[in-house]
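Peer 1: Show me the folded form of this:
(one chain, ligands or ions: 2)
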Amino acid sequence: MRVLSGIQPSGKLHLGNYFGMMRECVRLQEKGESYVYIANYHALTTVSNAEQLRIDTMDVALDFLACGLDPERTNFFVQSDVPEVQELAWLLSIVTPMGLLERAHSYKDKLAHGKEATHGLFAYPVLMAADILLYQADIVPVGKDQKQHLEITRDLATKFNLKFGETFKIPEPYTPEEVAVVPGIDGQKMSKSYNNTIQMSATPKQIKQAIMSIVTDSTPLEEPKDPDSCIVYQLYKLLETPEKVAEMAANLRAGGYGYGHAKKELLEAFNRKFEPFRERRAELAEKPEMVKEILAAGAARARAEARKTLDAARHAVGLI
Ligand code: ADP
Ligand code: TRP
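Peer 2: Ligands and ions are numbered 1, 2, ... in the order given. Alright, predicted model coming up:
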């Protein structure tokens, strides 16, 4: 079984990224051959500061390695180190109906948030399909918001296979239900673009600030509260054991337990879980050359695999 996923270096990684896809990438690397890459070509659709892109690329590498991605088991690399993906994107664009891209939520959402309607943004799902199909992935761990992109990938692979002969495997998305959407501190989806994240690599002081500013309703301390409509509780659920989670739910329902208490427990749970991560990350940050070597070795292995699929696709359409 081949597992593959990518993440854009377009800002600091956060709990949504961790529970939505990073943790699954780390878990699934035990089960099969695994590919994880830093999607810097994709990030160019929204990031225009070259130095920032370089910094964010390194930050993503550090975050992934610190949270347990093992470069011995996973081919971990930077997307642009395998430029073959661009040629495959072109071959896929031949079978891409305009309507399919016009209906993409993520494209419409970005326009609604004031982004310019560029061709890069529009063609984003085609490049993502090329990413996935290039490595003949079976399973793609992604958060719920990426499911439509996976549908588009499956569609394009099927269309290409029908038109030019069996060339690509049809991949399956993989999203554990309990973490389909991690809420941000304002209650919207946690996202780098909404300024509502709890960042994994933030300092203890920044984490405390973020957790203390989670939006809560105005139910007075002594009154019972509904855990399911409490963001603090939803985040706590991701971090703690079922027993501790049941305890917080009971406390909220009983009354006499305020959101301030809940936030304090969330902060402690976060620190318990992410303290080892912070330490590993700080050690890795001291060795940027080693991190670059890991990425270069991952790219070399990925590139050899990419070449095979690209050659098959070129042959199928008649380029060679
Ligand atoms: P962001 O919205 O912060 O820009 P990305 O779009 O780069 O995040 O997402 C990277 C990966 O993390 C994707 O697989 C995405 O589905 C997942 N992800 C991002 N935010 C969340 C969230 N709040 N809940 C669950 N998964 C998420
Ligand atoms: N579009 C994805 C996101 O914003 C990132 C990505 C690029 C990706 N290529 C991918 C995810 C391939 C999974 C597989 O999160």
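Peer 1: for E305, helix, strand, or coil?
Peer 2: Using DSSP: H, G, I helix; E, B strand; the rest coil, the structure places E305 in helix.
Peer 1: per-residue pLDDT, it?
Peer 2: As predicted, E305 sits at a pLDDT of 97.
Peer 1: quick one, what contacts it?
Peer 2: With Cβ atoms under 8 Å, 6 or more residues apart in numbering as the criterion, the residues that contact E305 are 75, 134-136. From N, CA and C alone the C-beta is placed, and that goes for glycine too.
Peer 1: now do Y257
Peer 2: When contacts are counted by Cβ under 8 Å, 6+ apart, Y257 is found next to 221, 225, 251.
Peer 1: Which members of these are positioned in strands?
Peer 2: Cross-referencing the contacts of Y257 with the strands (criterion: DSSP state E) gives no overlap at all.
Peer 1: What residue in the stretch 51-200 of the chain comes nearest to ligand 1?
Peer 2: G143 (2.2 Å; Cβ to the nearest ligand atom).
Peer 1: go on, the stretch 201-320 of the chain?
Peer 2: In the stretch 201-320 of the chain, the residue that lies nearest ligand 1 is L238 (9.7 Å; Cβ to the nearest ligand atom).
Peer 1: ok so, going back, which one of the contacts of E305 has the most neighbours?
Peer 2: For those, neighbours were counted by other Cβ atoms under 10 Å; the highest total belongs to L134, with 27 neighbours.
Peer 1: That one contacts E84, correct?
Peer 2: Yes - the pair L134 and E84 qualifies as a contact (Cβ atoms under 8 Å) at a distance of 6.6 Å.
Peer 1: Look up how far ligand 2 lies from Y107.
Peer 2: Separation of Y107 from ligand 2 (Cβ to the nearest ligand atom, to the nearest Å): 11 Å.
Peer 1: how far away is that residue from V245?
Peer 2: For Y107, the distance to V245 (Cβ to Cβ, to the nearest Å) stands at 37 Å.
Peer 1: neighbour-wise, which of those two wins?
Peer 2: Between Y107 and V245, counted using other Cβ under 10 Å, Y107 has the larger neighbour count: 20 against 17.
Peer 1: returning to what we had before: now render the contacts of E305 as TSV, adding pLDDT, secondary structure and distance to ligand 2.
Peer 2: TSV is the format used below for those (pLDDT from 0 to 100; DSSP: H, G, I helix; E, B strand; the rest coil; distance: Cβ to the nearest ligand atom, whole Å):
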residue	pLDDT	secondary structure	distance to ligand 2
N75	97	strand	13
L134	98	helix	10
Y135	97	coil	9
Q136	97	coil	13
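Peer 1: for the stretch 51-200 of the chain, which spans come out with low pLDDT?
Peer 2: In the predicted model, the stretch 51-200 of the chain carries pLDDT under 70 at residues 178-180.
Peer 1: all strands of it, in order?
Peer 2: Listed in chain order, the strands of the stretch 51-200 of the chain (DSSP state E, counting those that start in this stretch) span residues 74-78, 139-141, 172-174.
Peer 1: Mind telling me which residue of the stretch 151-300 of the chain is nearest ligand 2?
Peer 2: T153 (8.0 Å).
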